[in-house]
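J.: Got a predicted model here, sequence first, then my questions.
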Amino acid sequence: MIIQMTGHTYDFALSDVLRLFFGRVERPRPDLLSAGGEAWYLESLVHTGPDSQPSASPVEIGSAEVRTSLWLTEADQAANQPPFLIYEDFVPLDSVRRELKRQLYVLLERITDVHFPWGSLTGVRPTQLVEQILADDSAPDKAQTELVEVWRVSPSKADLAVRTFLSEQRVLSQLPTDVPLIYAGIPFCPSRCAYCSFISQDAHRRKDQLEPYVDALLEEARQTFAVLPAKASAFYLGGGTPTSLPEPLLERLLTGLQSTLPLTRQAEITVEAGRPDTLTAGNLRLLREFGATRICINPQTFHEKTLQRIGRHHSVEQIHTAMAMARAAGFDHINMDLIAGLPGESPEDFADSLEQLLVLEPESVTIHTLAIKRSSRLALELELDSSGQSNLAINRPNPALMDMVARAQDRLVETGRHPYYLYRQKDVAGGLENVGFALPGHECLYNVGMMSDRLAVIGLGSGAISKRVDGRKVSRVPNDKDIAHYIQRLDDLIARKLKLFAI
Ligand code: SF4
């Protein structure tokens, strides 16, 4: 398929859609994209000017609403057949990109008879689209219908998106929009998981970096909050695995943060204690003294073989021990994560993991679908390469996986946990999603607030992103991801962050 882009330069957006269906996309000319052979010739047009004529080359789009269209010719008839119009629509300027993707998706779905669970939605949070559809106070049914009929989302995913959106709104109503969220990241883990692309360091091997890193982060917090004292409603200590720090260093970190972070009295404080083997009675006590209200203990699976295969190096028994210790320490809000689609696991294995998890009665559960990030060990093992063919295989609709994820989601709803946040990643198995479920009153405020793009986020630590929100405008400033660079450039990074929030 060859696509000629006329009157616009949304090549990245169209490439996203082509990649779903064909894996590899080429760009032989600035205004041409090519994927999956040359049997079809398409022209994607943004008509400009008063006569709505297509312009011959990419131009600035100058009116509030523009005409978009998609034309198709079979390549062997290109010489003697005029192209025929497939779609045409008038859309507001800020929707052009999405509309062009939608037109292309609908056509490719028809030609290939491949149907992705989230239809044409790539690069947009489904609940964000629901919010836009319901902006005129329509009933939720309208969003569900539009997701299915216009955006080609499967009915079950449309239902999930609408239900999650409604929960998100309830959670957001508890978060004042003029109060920021705070995030701090500890990029160390006991070992590296096979699917991880995060720049995390092995805490045991990088002992030399632990102290300088903690000191740098505390210095960043001190200088930042000397200038930005606004009290935050939620704080998330993530990573990595903060509990992989040796106890005295964790104590130094938590004591330092406690005296520096401006938090409201009722602030939610979450600590990622992801690896069960890092928890001890000692560090759990420190977390309690710090005021943590919510911790995450993440099994990912309850099968020993899989745990070893994915490089987590802890046992199922350690999950049970960690949970018992956390309860004994007084934690009454514990989140647990599972991953669907781990290598070597059957639907029965996954369903069994979920049942084992439910016995432990976590207040909230996040069901992830395996995403294969390019820099992960799993990507290397799967030979994820620049040809795009392996990405194609990963993203392909996978009815068995879709079914097992849907069953897990239904099972969680049966136990009284409702979906309250939802996001999607690139290169995720079966083109599926990650969903957080919680018992009423146990939703994570930070997760919802951060995802909503309605609240400012002050990020601390390597790779942390600070975010300023002015109405619909969101500006971001990331810290250096590399730990050594982060420490070296600390003053610079603090200055950039303070500049972001300067009035
Ligand atoms: S625990 Fe999380 S951050 Fe650490 S290696 Fe595993 S996936 Fe990566």
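T.: Here it is on my side, so go on. Values in this document were obtained by computation on a predicted structure and should not be read as measured data.
J.: what pLDDT does residue 53 get?
T.: pLDDT for residue 53: 51.
J.: and the gap between residue 130 and residue 465?
T.: Residue 130 is 24 Å from residue 465, where distance means C-beta to C-beta, to the nearest Å. Quick note: C-beta positions are derived from backbone N, CA and C, even for glycine.
J.: Quickly list what residue 477 is bridged to.
T.: Note on residue 477: beta-bridge partners by DSSP bridges are residue 466.
J.: Contacts only, for it.
T.: By C-beta atoms under 8 Å, 6 or more residues apart in numbering, residue 477 lies in contact with 465-466, 496-497, 499-500.
J.: and the stretch 51-200 of the chain, which residues reach the ligand?
T.: 189, 192-193, 196, 198, 200 (C-beta under 6 Å from any ligand atom).
J.: any idea how far stretch 416-431 is from the chain center?
T.: Offset of stretch 416-431 from its chain centre (C-alpha atoms, centre = their mean, to the nearest Å): 8 Å.
J.: pLDDT value on residue 138, please?
T.: Confidence at residue 138, expressed as pLDDT, is 80.
J.: do residue 208 as well
T.: Reported pLDDT for residue 208: 87.
J.: ok, it - how many residues close by?
T.: For residue 208, the count of nearby residues is 8 (other C-beta atoms under 10 Å).
J.: tell me which element it falls in.
T.: For residue 208, the element it lies in under DSSP states H and E is helix 207-227.
J.: That helix packs against which elements?
T.: strand 181-186, strand 188-189, helix 247-260, strand 457-460, helix 483-488, helix 490-501 (3 or more C-beta pairs under 8 Å, 6 or more residues apart in numbering; DSSP states H and E).
J.: Identify the residues contacting stretch 178-185?
T.: So stretch 178-185 is contacted by 217, 221, 228, 230-240, 257, 261, 263-264, 446, 449-450, 455-465 (C-beta under 8 Å, 6+ apart).
J.: who does the helix or strand that the helix holding residue 208 is followed by pair up with?
T.: Downstream of helix 207-227, the first helix or strand assigned by DSSP H and E is strand 232-239. Within its sheet, and counting by DSSP bridges, strand 232-239 is paired with strand 181-186 (parallel), strand 263-272 (parallel).
J.: what's the angle from the helix holding residue 208 to helix 490-501?
T.: If you take axes from the mean of the first three to the mean of the last three C-alpha atoms, to 10 degrees, helix 207-227 sits at 40 degrees to helix 490-501.
J.: and the chain, which residues reach the ligand?
T.: Counting by C-beta under 6 Å from any ligand atom, the chain sits next to the ligand at 189, 192-193, 196, 198, 200, 239-241, 274-275.
J.: ok, 8 Å please
T.: 187, 189, 191-193, 195-198, 200, 239-241, 274-275, 298, 311-312 (C-beta under 8 Å from any ligand atom).
J.: need the strands for the stretch 1-150 of the chain, in chain order.
T.: Counting by DSSP state E, counting those that start in this stretch, the stretch 1-150 of the chain has strands at residues 2-6, 26-29, 32-34, 40-47, 65-74, 84-92.
J.: any chance of the helices and strands packed on helix 207-227 in JSON lines, plus mean neighbour count and distance to residue 332?
T.: Output for the helices and strands packed on helix 207-227, formatted as JSON lines (neighbours: other C-beta atoms under 10 Å; distance: least, C-beta to C-beta, whole Å):
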{"stretch": "strand 181-186", "mean neighbour count": "26", "distance to residue 332": "22"}
{"stretch": "strand 188-189", "mean neighbour count": "26", "distance to residue 332": "26"}
{"stretch": "helix 247-260", "mean neighbour count": "17", "distance to residue 332": "19"}
{"stretch": "strand 457-460", "mean neighbour count": "25", "distance to residue 332": "26"}
{"stretch": "helix 483-488", "mean neighbour count": "17", "distance to residue 332": "34"}
{"stretch": "helix 490-501", "mean neighbour count": "16", "distance to residue 332": "34"}
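J.: Throw those into JSON lines and include mean pLDDT, thanks.
T.: Shown next, in JSON lines, are those (pLDDT from 0 to 100):
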{"stretch": "strand 181-186", "mean pLDDT": "97"}
{"stretch": "strand 188-189", "mean pLDDT": "92"}
{"stretch": "helix 247-260", "mean pLDDT": "97"}
{"stretch": "strand 457-460", "mean pLDDT": "98"}
{"stretch": "helix 483-488", "mean pLDDT": "95"}
{"stretch": "helix 490-501", "mean pLDDT": "96"}
